[in-house]
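Peer 1: heads up, no residue letters with this:
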């Protein structure tokens, strides 16, 4: 069999990870007695050289004289302190290592490291190929100290998406359809549906979901808190599941599918602008807010500042000039696809917005104060 030979799953009965040992009599008590594995096979009977043990989702082949380096096994424990605590390394009598980790680690959101940042689409000529073949563009390069990630994602070729049922261990996650459409399915939400351009969903912590299909050249924004979080494949759940339960909460967060054609526009926090609220602030109990804003007929370019922890903005349509009371009141001419982050208490203003200008503003938390300043 060469490297290109493929075996069907039905042809494979089991698999073993080989760990080298010098003496089975000293190694087996470590795995069987101390770590709780069980003995499956052992041979030859007169002078055992191979013992296969299994447990905790693993099958290990302890082989005397195996021509491989000592290995490391990671055990995820409900009570990691029992074996020395998270990150502890336990070494077997024959040099193999066992690392202890928490089976249910707490979600840690790093403290925000505030910065003023402008990210232009024209300056981003490299897109990274990520999960399921999607192209990613980073919109917050310093991740504000790891507290948030914002990605502009493209799927260039339409049709079925090679995705699997999965979930994310996050504090907050937004998917905003920017261009085209994508067909999605979510746990307890019923049948698959189309997420159209201008609409968005939030993915509550650990809600199972799957991307099924996309239009040609679909583009979405994905905002995640914290920046580094775990994606887990669920091999057991099939979607759609039933019956639908639209009022279910995941860690205090409800699923939201915001539709622009059902939205109401109201005066925004910036004088002369109006916005449609996506309802995400209420659904997350104030953890995060998402609004789409546009200039009214009397947008005057007032100087404002805010006091929220994170304020991220994506230019959805049109153009505007962002002026910041820093670096000698430097101006930034922005167009659709550009993004920026405004730290707390920095005075800024939006001037010369085009008639079709629209901004997507994401804030954490959702409720905060805006101060209007005199020039």
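Peer 2: Structure received. Just so it is clear, the model here is predicted, and its values are computed rather than measured. Numbers count the residues shown, from 1 in each chain.
Peer 1: Just give the nearest non-adjacent residue to residue 191, would you?
Peer 2: Distances taken as Cβ to Cβ, 6 or more residues apart in numbering put residue 240 closest to residue 191, at 5.4 Å, once the chain neighbours are dropped. C-betas here are computed from N, CA, C, even on glycine.
Peer 1: doesn't residue 93 fall inside a strand?
Peer 2: No: Residue 93: not assigned to a strand; according to DSSP: H, G, I helix; E, B strand; the rest coil it is coil.
Peer 1: Now do the same contact list for residue 101.
Peer 2: Residues in contact with residue 101 (Cβ atoms under 8 Å, 6 or more residues apart in numbering) are 74-77, 80, 86-87.
Peer 1: Mind doing that once more with 7 Å?
Peer 2: When contacts are counted by Cβ atoms under 7 Å, 6 or more residues apart in numbering, residue 101 touches 74, 76, 80, 86.
Peer 1: Could you report the neighbour count for residue 323?
Peer 2: A count of nearby residues for residue 323, using other Cβ atoms under 10 Å, gives 18.
Peer 1: Same question for residue 183.
Peer 2: Neighbours around residue 183, by other Cβ under 10 Å: 16.
Peer 1: What of the one 10 residues further on?
Peer 2: Neighbour count for residue 193, taken as other Cβ under 10 Å: 17.
Peer 1: Now do the longest helix seen in the chain: everything it contacts.
Peer 2: Among the segments of the chain that qualify as a helix by DSSP state H, the longest is helix 24-29. Applying Cβ under 7 Å, 6+ apart, the contact partners of helix 24-29 are 21, 48, 51, 62, 64, 92-94.
Peer 1: One more pass at 6 Å, please.
Peer 2: 21, 48, 51, 62, 92-94 (Cβ atoms under 6 Å, 6 or more residues apart in numbering).
Peer 1: what two of those residues are the furthest from one another?
Peer 2: Largest separation among those by Cβ to Cβ: 48 and 92, giving 16.5 Å.
Peer 1: Tell me which of these two has more neighbours.
Peer 2: Higher neighbour count among residue 48 and residue 92: residue 92, with 22 against 15, using other Cβ under 10 Å.
Peer 1: And the closest residue to that one other than its chain neighbours, how far from residue 268?
Peer 2: Once flanking residues are discounted, residue 92 sits nearest to residue 30: 4.6 Å by Cβ to Cβ, 6+ apart. Separation of residue 30 from residue 268 (Cβ to Cβ, to the nearest Å): 64 Å.
Peer 1: Show me which of the two is the more surrounded one.
Peer 2: It is residue 268, of residue 30 and residue 268, that has more neighbours when counted by other Cβ under 10 Å, with 22 against 19.
Peer 1: Excluding covalently adjacent residues, which one is nearest to the more buried one?
Peer 2: residue 275 is the one closest to residue 268 (Cβ to Cβ, 6+ apart), at 3.9 Å.
Peer 1: What's opposite that neighbour in the beta bridge?
Peer 2: Per DSSP bridges, the residues bridged to residue 275 are residue 266, residue 293.
Peer 1: what's the neighbour count on it?
Peer 2: Other residues within reach of residue 275, judged by other Cβ under 10 Å, total 20.
Peer 1: pLDDT below threshold where in this protein?
Peer 2: Flagging of the chain using pLDDT under 70 yields the residue ranges 1-5, 124-125, 131-133, 327, 375.
Peer 1: Outline the domain layout of it.
Peer 2: The chain is divided into the following domains under automatic domain parsing: 15-102, 128-251, 262-373.
Peer 1: can you list those domains in JSON lines and add distance to residue 122?
Peer 2: Below are the domains of the chain laid out as JSON lines (distance: least, Cβ to Cβ, whole Å):
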{"stretch": "domain 15-102", "distance to residue 122": "43"}
{"stretch": "domain 128-251", "distance to residue 122": "12"}
{"stretch": "domain 262-373", "distance to residue 122": "8"}
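Peer 1: Out of the ones you listed, which is closest to residue 110?
Peer 2: That would be domain 128-251 among these, by Cβ to Cβ, at 4.0 Å.
Peer 1: ok, back up a step: dump the contacts of helix 24-29 into CSV; add distance to residue 315 as well.
Peer 2: Converted to CSV, the contacts of helix 24-29 look like this (distance: Cβ to Cβ, whole Å):
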residue, distance to residue 315
21, 61
48, 69
51, 63
62, 59
92, 57
93, 62
94, 60
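Peer 1: Closest one of those residues to residue 169?
Peer 2: residue 92 (30.8 Å).
Peer 1: Quick check: buried residues in the longest helix of the chain?
Peer 2: 24, 27-28 (16 or more other Cβ atoms under 10 Å).
Peer 1: Let me know the closest of these to residue 354.
Peer 2: residue 27 (71.2 Å).
Peer 1: quick one: which of the contacts of residue 101 sit in strands?
Peer 2: The strands, defined by DSSP state E, take in 74, 76 from the contacts of residue 101.
Peer 1: on that earlier part again, quick check on the contacts of helix 24-29: which are buried?
Peer 2: Using 16+ other Cβ under 10 Å, the buried ones in these are 21, 51, 62, 92, 94.
Peer 1: Tell me the residue in the protein that is farthest from the middle.
Peer 2: Within the chain, the residue lying farthest from the chain centre (Cα atoms, centre = their mean) is residue 46, at 53.9 Å.
Peer 1: Kind regards, and thank you for your time.
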